[in-house]
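Peer 1: The following block contains a protein sequence and its predicted model.
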Amino acid sequence: MPLLPETVSRVEELVSGAHAGGRVPTLVAGVVRAGALAHVAAAGDYAPDLQFRIGSITKTMTASLVLALRDEGKLALDDLLYRHLPGTPVGAVTLRQLLGHAGGVQREPDGDWWERSAGMDVDTFLSTLTADKVSYPPLHGYHYSNLAYGLLGAVVSRLGGEDWRSMLTKRILGPLQLQRTTYGPAEPFARGYVMHPWLDSMREEPRLDAGAMAPAGQLWSTVADLARWAGFLADPDPAVLPEATVAEMCAPVVISDLDGWRAGHGLGLQLWRRGERVFVGHSGSMPGYVALLAVHRPSQTGVVAFANAYTMHYGGHGGGLSAFGLDLLDAVLDREPARVAPWRPGTPPPPSVEPLTGRWWWMGQEHEIGWSDGELVVTPLTTGRTPWRFVPDGPVADRWRGRSGDNDGEFLQVIRSASGDVAGLDIATSAFTRDPWPAV
């Protein structure tokens, strides 16, 4: 879906302005609409297939592997870590807490700074752990932890029967055709730098294999590949993860900004609130590189951005590439009209379902029941709340299971008279009738 000319002009203006003040050799941003790369704006030395290191955006894929194993029944999110890594001294935290940075685990593993050191193998990494790597009680609050994702990568390897890198390729990179998303750099790739704080000089940074910490930040990618991953987070491919699982990843585990409630963390995804909009994704950094992936799921719109310097000045307040990328996404959404799906005639309901449609009442509040795509859709007309969608509950006659809105997971039971006619509805024990003022 192409962008409007005025949107393209604004994107180009924002990128060129941010590059001029950012003190980075190259800045590139891609706008994603409906799963496709709609526009790329770049300043500096850039080619379409150029790789950058994506840093902690890697965590979104590691989390997806954990959720895929959960969907297969190989783990539960509330399993304690020691169930899958027996003997570890940091095992009294759950996988859910590790995914959401709510387990109190220290930010980094022991030893030299892992981002600028040659990585160790998984067994050596696990052998270095001590009980004091848990600094706070679980659910004490938000504490970002790279170490947590090294541990999750070890769990993925143990349960998957092969190393994290192989599982990533088979389960995510291959199915989504992310052919330029690689473990190490593959030419052409941007060299990464640290800029001198007072001089117009820069130093190239090393590009090291993170080893056991790779699940926290190892990967390299391109604008086109990361745009495809953004499209997946907006509209998942069920061959990789079902929509319900990705939606679960987007639900808050912890709020990281308790003063303003503008930021939080789900299951492997960062959450940002901008006004009435919520974006999901992740920022990333490794020596010489910063990156951002941010998606507005309701509109299937996203932004991916890279710069090849360890820091980027933006806005005069240290916001860096993340603040720039979120501003860019806001600017696109402010200018682009909402996508409206065209109406198409659907399949009529079965004869037994048609008597359920129409107007219903509960406590003086009017509701309308319709039929769409094989589901009952209950729309609260009086309150204007989000419609509730119900699907048949397997072989149980006249019983439906909610899958959205306030009644997600609740039951709708059809009440019939002795003659078999529909007499009422029981929705989560609330009695719905055709009469707006029934006798008590």
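Peer 2: Arrived safely.

Peer 1: Run through the strands of the stretch 301-440 of the chain in chain order.
Peer 2: Taking DSSP state E, counting those that start in this stretch, the strands of the stretch 301-440 of the chain run over residues 301-307, 358-362, 365-372, 375-380, 388-392, 399-402, 411-416, 422-427, 430-432.

Peer 1: Describe which strands the shortest one pairs with in its sheet and in which direction.
Peer 2: Strand pairing for strand 430-432, using DSSP bridges, gives strand 422-427 (antiparallel).

Peer 1: How about the partner strand, which residues are buried there?
Peer 2: 424, 425, 427 (16 or more other C-beta atoms under 10 Å). For the C-beta atoms, the positions are set from N, CA and C on the backbone; glycine is no exception.

Peer 1: can you list the residues that contact that strand?
Peer 2: By C-beta atoms under 8 Å, 6 or more residues apart in numbering, the surrounding residues in contact with strand 422-427 are 355-356, 360, 362, 378, 388, 407, 410-417, 431-434.

Peer 1: 10 Å instead?
Peer 2: 352, 354-356, 360, 362, 367, 369, 376, 378, 388, 390, 398-400, 402, 406-407, 410-417, 431-435, 438 (C-beta atoms under 10 Å, 6 or more residues apart in numbering).

Peer 1: quick one, that strand and strand 358-362 angle?
Peer 2: 60 degrees (axes from the mean of the first three to the mean of the last three C-alpha atoms, to 10 degrees).

Peer 1: Please save the CA atoms from strand 422-427 in PDB.
Peer 2: Below are the C-alpha coordinates for strand 422-427, written out as PDB (Å, rounded to 0.1, in the frame of the first residue of the first chain):
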ATOM      1  CA  VAL A 422     -35.200 -19.900  21.900                       C
ATOM      2  CA  ALA A 423     -36.400 -18.400  25.200                       C
ATOM      3  CA  GLY A 424     -33.300 -16.500  26.200                       C
ATOM      4  CA  LEU A 425     -29.500 -16.400  26.400                       C
ATOM      5  CA  ASP A 426     -27.200 -16.900  29.400                       C
ATOM      6  CA  ILE A 427     -23.900 -15.000  28.800                       C
END
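
Peer 1: Distance from the chain centre to it, please.
Peer 2: Computed by C-alpha atoms, centre = their mean, to the nearest Å, the chain-centroid distance of strand 422-427 equals 38 Å.

Peer 1: So for that strand, mean pLDDT?
Peer 2: Strand 422-427 shows a mean pLDDT of 96.

Peer 1: Please shift the residue numbers so they start at 466 in all later answers.
Peer 2: Sure, I'll start counting at 466 from here, so that last one is strand 887-892.

Peer 1: what's the angle from it to strand 840-845?
Peer 2: Using the same axes, to 10 degrees: strand 887-892 against strand 840-845 is 80 degrees.

Peer 1: contacting residues for residue 645?
Peer 2: Neighbour list for residue 645: 514-516, 638, 651, 653-654, 685-691, 693 [criterion: C-beta under 10 Å, 6+ apart].
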